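1. Sequence first, predicted model second:
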Amino acid sequence: KEKRIRNVVFFGISDEEKSYFELEEVILKIITEKILVECDKTEVQHVRLIGKKGDKPRPIILGLNLRKKGTSLYVKEDYPPKVLRARKNLQEQLKTEIEGGGGLY
C-alpha cells in the first residue's frame, strides 16, 4: 500500500506503439502543461501500462518519487485488484437500488 500511494493513474492517453521513454515524455508534458505542476524525470520512479492491448487506450500508471496534490486532471488512486472488484460490485449494487426506486439516506 505504501508503494501505491505514490502512483497516479492516467486515463484516455493514446498508448499506440510508444516506448517507455516516449510514454514518460508524454506524461511529463501533460503534467507540466495541463495540470500546471512542474515535474521532471528525476521525480518519476516508473511508467507502465495496465491491462491488455485493445481498441481503447490502456490506463498508464506513473510512479512518483514525491506525492503530488492539488491537481484537476482525471486521475484515480491505484487500488489493488481486490479493492477494484469490491468497488465495482458496490457500484452495481447502488445502480440496482436506484433503478429499483430504493431511496438514498
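-> Everything's here; your move.

2. Quick check: Val26 touching Lys18?
-> Yes - shown here, Val26 and Lys18 form a contact pair, counting by C-beta atoms under 8 Å, at 7.0 Å. C-beta coordinates here come from the backbone N, C-alpha and C atoms, glycine included.

3. Name the SS class of Glu97, please.
-> helix (DSSP: H, G, I helix; E, B strand; the rest coil).

4. worst-scoring helix or strand of the protein, pLDDT-wise?
-> The helix or strand of the chain with the poorest confidence is strand 75-76; it has a mean of 57 (mean pLDDT, DSSP states H and E).

5. So which residues of the protein form helices?
-> Counting by DSSP state H, residue ranges of the helices within the chain are 20-33, 81-99.

6. Quick check: mean pLDDT of the longest one?
-> Right, helix 81-99. Across helix 81-99, pLDDT averages out at 89.

7. What is that helix packed up against?
-> For helix 81-99, there is no helix or strand it packs on, judged by 3 or more C-beta pairs under 8 Å, 6 or more residues apart in numbering; DSSP states H and E.

8. now the first one
-> If contacts are counted by 3+ C-beta pairs under 8 Å, 6+ apart, helix 20-33 sits against strand 44-49, strand 60-64.

9. buried sites along the longest one?
-> In other words, strand 44-49. Using 16 or more other C-beta atoms under 10 Å as the test for burial, strand 44-49 gives 44, 47, 49.

10. Present these as TSV; the columns should include distance to Pro57 and pLDDT.
-> Listed next are these as TSV, based on distance: C-beta to C-beta, whole Å; pLDDT from 0 to 100:
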residue	distance to Pro57	pLDDT
Val44	19	82
Val47	14	87
Leu49	9	86
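
11. can you count the residues close to Ile13?
-> Neighbour count for Ile13, taken as other C-beta atoms under 10 Å: 15.

12. Asn7: how many residues sit nearby?
-> Using other C-beta under 10 Å: Asn7 sits among 19 other residues.

13. hang on, the earlier thing: could I get the helices and strands packed on helix 20-33 as TSV with distance to Arg87?
-> Shown next, in TSV, are the helices and strands packed on helix 20-33 (distance: least, C-beta to C-beta, whole Å):
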stretch	distance to Arg87
strand 44-49	21
strand 60-64	17
